[in-house]
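In: mind looking at a prediction? Sequence and model below.
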Amino acid sequence: MSKTNRGNFFEDFSVGQVIRHATPRTVTTGDVSLYSALYGTRFAVQSADSFSQAVGYPRAPIDDLLVFHVVFGKTVPDISLNAVANLGYAGGRFLAPVYPGDTLTAVSEVIGLRENSNGQSGVVYVRSVGFNQDGVEVLDYVRWVMVRKADPSRP
């Protein structure tokens, strides 16, 4: 059974492990429209091509939080599909603008592991990086997630 089909267990991870998340995602103008309709536009640079061009962008980039959600979503099957809890996020850096038509991929590295005192679960710490179709880093962040142990008797 593949890891994705059985869930994500603490024993599936090791410090230094690099996970190349399989499915890329092209962000469309439809995605941007739906996101804007649901959540509204927060910043002028993402709201209008004319404003964006006036400050040096070729056109309005995609809202940073939409970029985060797309990249985060790529990591879920391999890291937290059946997690007990997503515990936190830190160090989020938006490194390059993303535009409609860009295709995003994600790579994560396990940077820490800690077994919980109950012996039933543990916390996995990962740094995830999102890239566009040209290999340019567009986002990186750290998160930690609690997952079950497959074998609670194993340290």
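Out: Looks like it arrived, so ask away.
In: now the helices for this structure?
Out: Taking DSSP state H as the test, the helices found in the chain are 3-6, 29-39, 44-47, 49-54, 64-79.
In: count the neighbours of the closest residue to Phe51 other than its chain neighbours for me.
Out: In this structure, Phe51 finds its nearest non-sequential neighbour in Ala44, 4.8 Å apart by C-beta to C-beta, 6 or more residues apart in numbering. Where C-beta positions appear, they are placed from N, C-alpha and C, glycine not excepted. Residue neighbour count, defined by other C-beta atoms under 10 Å, stands at 13 for Ala44.
In: got it, and Asn118?
Out: Asn118 is flanked by 9 other residues according to other C-beta under 10 Å.
In: do the same with Val107
Out: So Val107, with other C-beta under 10 Å, has 18 neighbours.
In: what does the one 3 residues further on give?
Out: Around Val110 sit 18 other residues, with neighbours defined as other C-beta under 10 Å.
In: wait, doesn't it sit right on Tyr125?
Out: Yes - counting by C-beta atoms under 8 Å, Tyr125 is a contact partner of Val110 at 7.1 Å.
In: low-confidence ranges in the protein?
Out: Filtered on pLDDT under 70, the chain yields the residue ranges 1-7.
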